[in-house]
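Chemist: sequence first, predicted model second:
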Amino acid sequence: MTVNSSQKLWMYDTTLRDGTQREGLSVSLEDKLRIARRLDELGIPFIEGGWPGANPKDVQLFWQLQEQPLKQAQIVPFCSTRRPNQAASSEPMLQAILAASTNWVTIFGKSWDLHVTEGLKTSLAENLEMIRDTLQYLRGQGRRVIYDAEHWFDGYKYNPDYALQTIKTAVDAGAEWLVLCDTNGGTLPHEVSQIVTSVIKSFPQHIQLGIHTHNDSDMAVANALAGVMSGVGMVQGTMNGYGERCGNANLCSLIPNLQLKLGYKCIEDDQLSQLAQTSRFVSEVVNLAPDDHAPFVGRSAFAHKGGIHVSAVQKNPLTYEHIEPEQVGNCRRIVISEQAGVSNVLMKARGFGIEIDKNHPKTRQILQRLKELESQGYQFEAAEASFELLMREVLETRPSWFQVKGFQIHCDLGKAVLTTKALATVKVAVNNEDIWEAAEGNGPVAALDAALRKGLVKFYPQIQTFELTDYKVRILNGHTGTSATTRAIVELGNGTQRWTTIGVSNNILEASYQAVVEGLEYGLLLHSQLNAEVR
Ligand SMILES: CC(=O)SCCNC(=O)CCNC(=O)[C@H](O)C(C)(C)COP(=O)(O)OP(=O)(O)OC[C@H]1O[C@@H](n2cnc3c(N)ncnc32)[C@H](O)[C@@H]1OP(=O)(O)O
Ligand SMILES: CC(=O)C(=O)O
């Protein structure tokens with residue numbers, strides 16, 4: 001593979017236009033502005049804001065950005081060529097993009113004869129005229145033009161002569177960039193390389209090429225890379241690969257591949273180290289859960305679970321990491337599970353502030369206990385607070401704040417759905433004193449949690465600050481019906497920290513009880529550690 005030394009590549013983000021064509025993704029004007037400003041900070045030089053004239057929100061976006069422009073990026077409106085048999089000067093859509101008052105505009109036109117005759121229902125000659133007239137008109141109005149050759153690769157495969165005529169017309173009419181689009185996403189990387197090479201050969205003069213790829217064959221990133229390696233200088237894509245159908249080329253993968261692997265200059269290194277945060281910011285704003293397993297930017301992209309991996313990564317991270325996570329703003333994580341070895345345990349212990357080493361007599365015992373419990377259905381990667389308690393138990397340093405001696409749950413059936421209330425009574429011993437308490441809740445877990453706190457608060461007033469923030473239940477072997485094993489995971493917080501604990505039983509209430517009790521214990525442990533630090 002050839003490594004290019006610092007050649008500039010122009011990144012073009014279309015999250016706000018093609019990204020919003022993803023099913024289930026909808027953003028407000030405010031959201032669009034927030035994303036545009038964040039992409040500007042990331043150093044993306046071209047940001048496609050939308051299609052003014054197609055909807056009011058996109059018109060307003062460009063107005064707002066005239067009032068408060070971006071710092072460095074060019075904001076670009078997107079539009080089609082004029083309609084058949086019209087004058088560009090009387091096309092309302094083109095008036096709308098002129099009103100956006102930008103330096104650059106992006107116009108897409110047809111390259112594939114099938115689309116001209118079947119979609120536009122016009123002649124091949126008129127399509128060329130639509131491209132020429134539209135681009136010349138916009139150039140005459142002082143706009144710089146990026147021309148998106150829609151369905152370029154399919155068009156070229158079916159009728160290369162006609163496809164080439166369309167982009168030659170665009171260049172003659174003043175397009176400064178020709179962007180070759182794999183609109184249907186069906187092209188493979190070797191085809192991209194061949195076709196881009198042929199296009200370059202077909203132009204006697206130097207032309208600036210770009211590439212816009214879709215992910216229908218899971219090739220969007222590979223195809224964009226193939227385009228760059230064959231000579232294109234602009235790459236279009238979206239944050240997190242959002243886009244119509246299966247999405248667009250994912251800039252969160254493309255930028256680090258281009259910059260860190262192929263040596264191109266896309267953005268500054270300190271901007272690259274904002275990539276993971278920007279990816280998560282965009283997913284937050286568009287209200288889609290981030291993909292933990294996304295390359296480079298996902299939470300698990302540098303998470304090591306297998307004991308062999310953790311052992312080696314501690315010696316040299318290159319053994320199981322293709323780049324340094326910090327280069328893209330991510331971080332290394334060690335996951336604890338039945339796949340762990342002593343190395344995982346030691347790394348976690350260090351994180352918990354527990355001093356043990358490989359030769360400590362209890363280290364293997366902790367690992368063995370972890371594996372036993374995981375085989376019963378525990379999953380400590382999702383409940384690290386419980387793992388710390390397990391470790392302290394084996395090391396005989398787990399404090400004992402209280403013992404639950406028993407509990408009962410009683411449910412009062414309401415008159416309608418969602419009106420049933422649960423009552424929990426608990427017997428709990430603190431400092432050899434037995435206490436009975438009862439409390440109500442919307443469900444049995446909330447009632448149990450409330451009753452326990454009621455009993456404990458006079459001994460541990462800090463318990464008032466603990467809040468049950470999440471509760472999840474998973475049936476592990478559903479085929480056994482109502483006697484199935486249940487895993488309960490609860491998350492608690494104290495305003496500044498959050499922690500997660502786990503319980504497993506073939507009784508859903510017992511599983512939940514274990515998780516809640518460990519959650520309270522862990523909160524008390526954190527509080528005592530904080531007090532010890534203050535002292
Ligand atoms: C490959 C891409 O992603 S292109 C971008 C696709 N994005 C979108 O479509 C989102 C925004 N679109 C819209 O809001 C609407 O479709 C609009 C406002 C653009 C057009 O709406 P309408 O006028 O109601 O037309 P409609 O959406 O039904 O059909 C699209 C029209 O554009 C025409 N068209 C498609 N491509 C082009 C082109 N490159 N040049 C000129 N006309 C075109 C079609 O032939 C069709 O015309 P017809 O109504 O005469 O058959
Ligand atoms: C222009 C565009 O979005 C496409 O061809 O896919």
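Modeler: Alright, I've got the coordinates. Ligands and ions are numbered 1, 2, ... in the order given.
Chemist: and the stretch 201-350 of the chain, which residues reach ligand 1?
Modeler: Counting by CB under 6 Å from any ligand atom, the stretch 201-350 of the chain comes close to ligand 1 at residue 244. From N, CA and C alone the C-beta is placed, and that goes for glycine too.
Chemist: tell me where the stretch 201-350 of the chain has helices.
Modeler: Here the stretch 201-350 of the chain has its helices, by DSSP state H, counting those that start in this stretch, at 220-230, 251-256, 269-272, 275-285, 307-315, 342-352.
Chemist: could you dump those helices to TSV with mean neighbour count?
Modeler: What follows is those, written out as TSV (neighbours: other CB atoms under 10 Å):
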stretch	mean neighbour count
helix 220-230	24
helix 251-256	26
helix 269-272	14
helix 275-285	21
helix 307-315	17
helix 342-352	20
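Chemist: just put those helices in JSON lines and tack on distance to residue 375 and mean pLDDT.
Modeler: JSON lines is the format used below for these (distance: least, CB to CB, whole Å; pLDDT from 0 to 100):
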{"stretch": "helix 220-230", "distance to residue 375": "39", "mean pLDDT": "98"}
{"stretch": "helix 251-256", "distance to residue 375": "36", "mean pLDDT": "98"}
{"stretch": "helix 269-272", "distance to residue 375": "42", "mean pLDDT": "98"}
{"stretch": "helix 275-285", "distance to residue 375": "34", "mean pLDDT": "96"}
{"stretch": "helix 307-315", "distance to residue 375": "16", "mean pLDDT": "95"}
{"stretch": "helix 342-352", "distance to residue 375": "16", "mean pLDDT": "95"}
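Chemist: nearest to ligand 2, of these?
Modeler: helix 220-230 (10.4 Å; CB to the nearest ligand atom).
Chemist: want to try a markdown table for the helices of the stretch 201-350 of the chain, with distance to residue 20 as columns?
Modeler: Listed next are the helices of the stretch 201-350 of the chain as a markdown table, based on distance: least, CB to CB, whole Å:
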| stretch | distance to residue 20 |
| --- | --- |
| helix 220-230 | 17 |
| helix 251-256 | 15 |
| helix 269-272 | 24 |
| helix 275-285 | 12 |
| helix 307-315 | 38 |
| helix 342-352 | 40 |
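Chemist: so what pLDDT did the nearest residue to residue 470 once chain neighbours are set aside get?
Modeler: With sequence-adjacent residues excluded and distances taken as CB to CB, 6 or more residues apart in numbering, residue 470 is closest to residue 491, at 3.8 Å. Residue 491 is assigned a pLDDT of 95 by the prediction.
Chemist: give me the beta-bridge partners of residue 491?
Modeler: residue 470, residue 500 (DSSP bridges).
Chemist: same list (the helices of the stretch 201-350 of the chain) but as CSV, adding distance to ligand 2.
Modeler: Shown next, in CSV, are the helices of the stretch 201-350 of the chain (distance: least, CB to the nearest ligand atom, whole Å):
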stretch, distance to ligand 2
helix 220-230, 10
helix 251-256, 15
helix 269-272, 25
helix 275-285, 18
helix 307-315, 39
helix 342-352, 45
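Chemist: those: which one's closest to residue 110?
Modeler: helix 220-230 (20.1 Å; CB to CB).
Chemist: what helices or strands is that closest one leaning on?
Modeler: Secondary-structure packing of helix 220-230 (3 or more CB pairs under 8 Å, 6 or more residues apart in numbering; DSSP states H and E): strand 175-182, helix 189-202, strand 208-213, strand 234-237, helix 251-256.
Chemist: quick one, what contacts the residue nearest to the spatial centre of the chain?
Modeler: In the chain, the residue lying closest to the centroid (CA atoms, centre = their mean) is residue 290, at 3.2 Å. Neighbouring residues of residue 290 by CB atoms under 8 Å, 6 or more residues apart in numbering: 240, 279-280, 283-284, 298-299.
Chemist: residue 277 versus that one, what's the distance?
Modeler: For residue 290, the distance to residue 277 (CB to CB, to the nearest Å) stands at 11 Å.
Chemist: okay, now the residue nearest to residue 470: neighbour count?
Modeler: 19 (other CB atoms under 10 Å).
Chemist: the strands in the stretch 401-535 of the chain, which residues?
Modeler: Counting by DSSP state E, counting those that start in this stretch, the stretch 401-535 of the chain has strands at residues 403-412, 421-430, 433-441, 467-475, 486-493, 498-505.
Chemist: out of those, nearest to ligand 2?
Modeler: Comparing the strands of the stretch 401-535 of the chain by CB to the nearest ligand atom, strand 467-475 comes nearest, at 39.2 Å.
Chemist: who touches the closest one?
Modeler: 445-446, 449, 484-495, 498, 500, 508, 511-512, 516, 519.
Chemist: report the buried members of those residues.
Modeler: Buried members of these, scored by 16 or more other CB atoms under 10 Å, are 445-446, 449, 485-494, 500, 508, 511-512, 516, 519.
Chemist: near ligand 2 too, which of those residues?
Modeler: Counting by CB under 6 Å from any ligand atom, no member of those is near ligand 2.
Chemist: could you chop this structure up by domain?
Modeler: 78-264, 303-395, 403-534 (the TED database).
Chemist: how far does the first one sit from its chain's centre?
Modeler: By that I understand domain 78-264. 27 Å (CA atoms, centre = their mean, to the nearest Å).
Chemist: what's the first-to-last distance across that domain?
Modeler: End-to-end distance for domain 78-264: 27 Å, by CA to CA, to the nearest Å.
Chemist: low-confidence ranges, the stretch 301-450 of the chain, go.
Modeler: Judged by pLDDT under 70, the stretch 301-450 of the chain has its weakly predicted residues at 417-418.
Chemist: need the contact list for the closest residue to ligand 1 within it.
Modeler: Among the residues of the stretch 301-450 of the chain, residue 328 lies closest to ligand 1, at 28.3 Å counting by CB to the nearest ligand atom. For residue 328, the contact set (CB under 8 Å, 6+ apart) comprises 256, 272-273, 275-276, 296-297.
Chemist: pLDDT wise, what is the residue lying closest to residue 85 once chain neighbours are set aside at?
Modeler: Distances taken as CB to CB, 6+ apart place residue 126 nearest to residue 85, at 6.8 Å, with adjacent residues excluded. We have a pLDDT of 98 for residue 126.
Chemist: residue 126 reaches residue 84, doesn't it?
Modeler: Yes. With contact defined as CB atoms under 8 Å, residue 126 reaches residue 84; the gap is 5.3 Å.
Chemist: which neighbours do those two have in common?
Modeler: What both residue 126 and residue 84 touch, as defined by CB under 8 Å, 6+ apart, is the set residue 120.
Chemist: quick one on the thing from earlier: out of the helices and strands packed on helix 220-230, which one sits most buried?
Modeler: Of all these, strand 234-237 has the most neighbours on average by mean count of other CB atoms under 10 Å, namely a mean of 28.
Chemist: pLDDT (mean, whole number) over that one?
Modeler: The model assigns strand 234-237 a mean pLDDT of 98.
Chemist: how about low-confidence regions in the stretch 51-200 of the chain?
Modeler: Using pLDDT under 70, the stretch 51-200 of the chain has no residue that qualifies.
Chemist: which parts of it are helices?
Modeler: 56-67, 92-99, 113-114, 124-140, 152-158, 160-172, 189-202.
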